[in-house]
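J.: With the sequence up front, the predicted model follows.
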Amino acid sequence: MSTLTTTTLGPLLNRLFAEADAATSPAIKSFTTEERIALTASKTEYLDRYGRLKDLWLPVSRETGELLYMLVRATGARTVVEFGTSFGISSLYIAAGLRDNGGGRLISSEFERHWHDIVRLDDIGVADSAIADRALAQSVAQHKSMFFAEKAADKTPIDYEAAVGGRPQLTPSGAGRAELEQDYARMLEDGLLLDEAETFDELLSRCAKIQDKANASGREKRP
């Protein structure tokens, strides 16, 4: 019997899926039909879209959840990093896979927490090991280019392969930086981070140093 079918997790997943189906976000009412179509299709306006839909459940389907569970089990994973937790349904499937593998660690984050989580991963040495793994970087770049390709502020396609070669950019600027700073302030106010969490400027300063390390490593290993 897998963890997914236990009397603890099975009913919980049923309840969460039911609540997700019934949930609505006040932000939905503020979208016109044209805006919904444009924002859904856009690959450059995700900050606005996710900022306005942050209270809306964005769960995986049951089938996708089961696929996540099977991938964790098939790979024998002990550590999983999840970007995009929403309200945790996907996390439960991943955690179930880790439990049935004998235990492990799940690190989950939301978009607004990514910079904070990058620094926390650096604190425990994960950033250095990830930077050193060029095959991992290449795989991430290929996956991003294939499934989540986006455009820069000037509307030109982002070259993820170039980032692998020594030009990743982790620190936002302009309007994007201002929006993220506001989001970070709200997270601090809501108590979502540690009481002694660094300021936003300190956080980006740390990210800049990680960015410099990644760039230097990429240039050194460029053929």
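T.: Ah, there it is.

J.: Could you tell me which ranges of the chain sit under the pLDDT cut-off?
T.: In the predicted model, the chain carries pLDDT under 70 at residues 1, 23-32, 35-58, 86-87, 109-113, 147-149, 153, 166, 190-195, 218-223.

J.: middle-most residue in it, spatially?
T.: Compute the mean C-alpha point of the chain, and by Cα atoms, centre = their mean the closest residue is Phe83, 2.1 Å away.

J.: now the helices: where do they sit in the protein?
T.: 9-22, 33-41, 46-52, 62-75, 89-100, 114-123, 126-132, 134-147, 160-164, 174-189, 200-220 (DSSP state H).

J.: taking those helices together, which one is wrapped up most tightly?
T.: Stretch with highest mean neighbour count among these: helix 89-100 (a mean of 21; mean count of other Cβ atoms under 10 Å). For glycine as for every other residue, the C-beta is placed from the backbone atoms N, C-alpha and C.

J.: and it, what other elements does it pack with?
T.: Judged by 3 or more Cβ pairs under 8 Å, 6 or more residues apart in numbering; DSSP states H and E, the packing partners of helix 89-100 are helix 9-22, helix 62-75, strand 79-83, strand 105-109.

J.: Please name whichever of those is nearest to Ala135.
T.: Judged by Cβ to Cβ, the one of the helices and strands packed on helix 89-100 that comes nearest to Ala135 is helix 62-75, at 15.4 Å.
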